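K.L.:
Sequence plus the predicted model coming up.
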Amino acid sequence: MSTREVKTLYVDAGEDGVRLDRWFRRRWPHLTQIQIQKLARSGQIRVDGARAKADSRLSAGSQVRVPPLPDAPDPSEKKAISSRDAAYAKSLVLYEDEEVLVLNKPAGLAVQGGTKTTQHVDRLLSAWGEGLERPRLVHRLDRDTSGVLVLGKTPGAAAKLSGAFARRKAQKTYWALVVGNPTPQDGWIDAPLAKKGINDREMVVPVDPKDPKAEPAETEYVTVSRAGPRLSWVALRPHTGRTHQLRAHMLAIGHPMLGDPKYKNEKSAELSEGLQLQLHARRLVIPHPSAGMIVVEAPLSKEMKEGFRRFGFDEHEADPEPFGRKPRGGKGRR
């Protein structure tokens, strides 16, 4: 689908809180992130008559000005994925019905492509077909994070799932191995984050709430088990969805994750020898687009299994719902 004229579209109720760039990608998947950012920067995309950034959050009922867009490539020109890649994609399925697809994303596989990334989840979705048959991404995982990734198999289902994430109705539980023993054992990290250029690379760092680039970021954590004073296995629940939020927050409180080449300190580098990032999207509880709830768990990745083996942790020690015992951090949210 493409357009050669200016249109005004309305944000669906199920899309409340969705980022502007994702809203566009859902409707015109052939658009690149760079194209959307350029259209936003030049003022060609407007929300309720005003300029908006590509990462702006939309509100239900808002009017989006859609400028003339480049045509989608001819489907016949699109290179089909191989039968081997299609079989690989299907092997990642944790749950599937007519509206929802849940994959167990392996560590090292990007969710979307980039300049130097040709193999990614978005490409593998061709295994389910193109056009309306193609599942739609509704959230992201970092390239090196393994675990539960949910997608919508229809535009309506994708909108409702995205809305659940935006309204904090999705309960995500991550497992991570971190340096030291967090004190208190269970806690709430409320530290706004912003992207900053640090030593020729971009990182997400805690900033003053008054910083113009600050985005609210909240993470709940529970200590599941300890390997003496050196190391802890923690369960993490993000209550916001910022880029690299969990990794940046754990570094900020002095307990960076093992195997993280970016958000690290001297101690984590020392303990991480031979390990990949020890972060796994273990469990997701989210309202089904039609009725009821979806509860899905992803088995440990081989990268996490190596970390557990090295430090003597047993995955069966964990409570499937470690955050349900009592309110923390004075927030009282469930």
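P.N.:
Arrived safely, thanks for sending.
K.L.:
Give me the contact list for the lowest-mean-pLDDT helix or strand in the chain.
P.N.:
With mean pLDDT, DSSP states H and E as the measure, the helix or strand of the chain carrying the lowest mean pLDDT is strand 193-198 (a mean of 84). In this structure, residues lying in contact with strand 193-198 by CB atoms under 8 Å, 6 or more residues apart in numbering are 202-207, 211, 213-215, 217, 242-245, 248-249. C-beta here means a position set from N, CA and C on the backbone, and glycine is covered the same way.
K.L.:
Repeat the analysis, applying 10 Å as the threshold.
P.N.:
55, 202-208, 211-217, 240, 242-245, 248-249, 252, 262 (CB atoms under 10 Å, 6 or more residues apart in numbering).
K.L.:
Restricting to C-alpha, output that strand in CSV.
P.N.:
As requested, C-alpha coordinates have been extracted for strand 193-198 and formatted as CSV (Å, rounded to 0.1, in the frame of the first residue of the first chain):
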residue,chain,number,x,y,z
LEU,A,193,16.9,7.8,30.7
ALA,A,194,18.2,9.6,27.6
LYS,A,195,20.4,8.7,24.7
LYS,A,196,23.9,10.2,24.9
GLY,A,197,27.0,10.0,22.8
ILE,A,198,29.8,8.5,24.9
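K.L.:
list the buried ones in it?
P.N.:
Buried residues in strand 193-198, defined by neighbour count with 16 or more other CB atoms under 10 Å: Leu193, Ala194, Lys195.
K.L.:
Find the nearest non-adjacent residue to the second one, please.
P.N.:
This means Ala194. Sequence neighbours aside, Lys213 is the residue nearest to Ala194 in space, at 3.9 Å (criterion: CB to CB, 6 or more residues apart in numbering).
K.L.:
List the buried residues for stretch 253-271?
P.N.:
Applying a neighbour-count criterion of 16+ other CB under 10 Å, one finds 253, 255-260, 262-264, 267-268, 271 buried in stretch 253-271.
K.L.:
could you dump the residues you listed to JSON lines with pLDDT and secondary structure?
P.N.:
As requested, these are arranged in JSON lines below (pLDDT from 0 to 100; DSSP: H, G, I helix; E, B strand; the rest coil):
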{"residue": "Ile253", "pLDDT": "96", "secondary structure": "coil"}
{"residue": "His255", "pLDDT": "97", "secondary structure": "coil"}
{"residue": "Pro256", "pLDDT": "97", "secondary structure": "coil"}
{"residue": "Met257", "pLDDT": "98", "secondary structure": "strand"}
{"residue": "Leu258", "pLDDT": "98", "secondary structure": "coil"}
{"residue": "Gly259", "pLDDT": "97", "secondary structure": "coil"}
{"residue": "Asp260", "pLDDT": "96", "secondary structure": "coil"}
{"residue": "Lys262", "pLDDT": "93", "secondary structure": "coil"}
{"residue": "Tyr263", "pLDDT": "95", "secondary structure": "coil"}
{"residue": "Lys264", "pLDDT": "93", "secondary structure": "coil"}
{"residue": "Lys267", "pLDDT": "93", "secondary structure": "helix"}
{"residue": "Ser268", "pLDDT": "95", "secondary structure": "helix"}
{"residue": "Leu271", "pLDDT": "94", "secondary structure": "helix"}
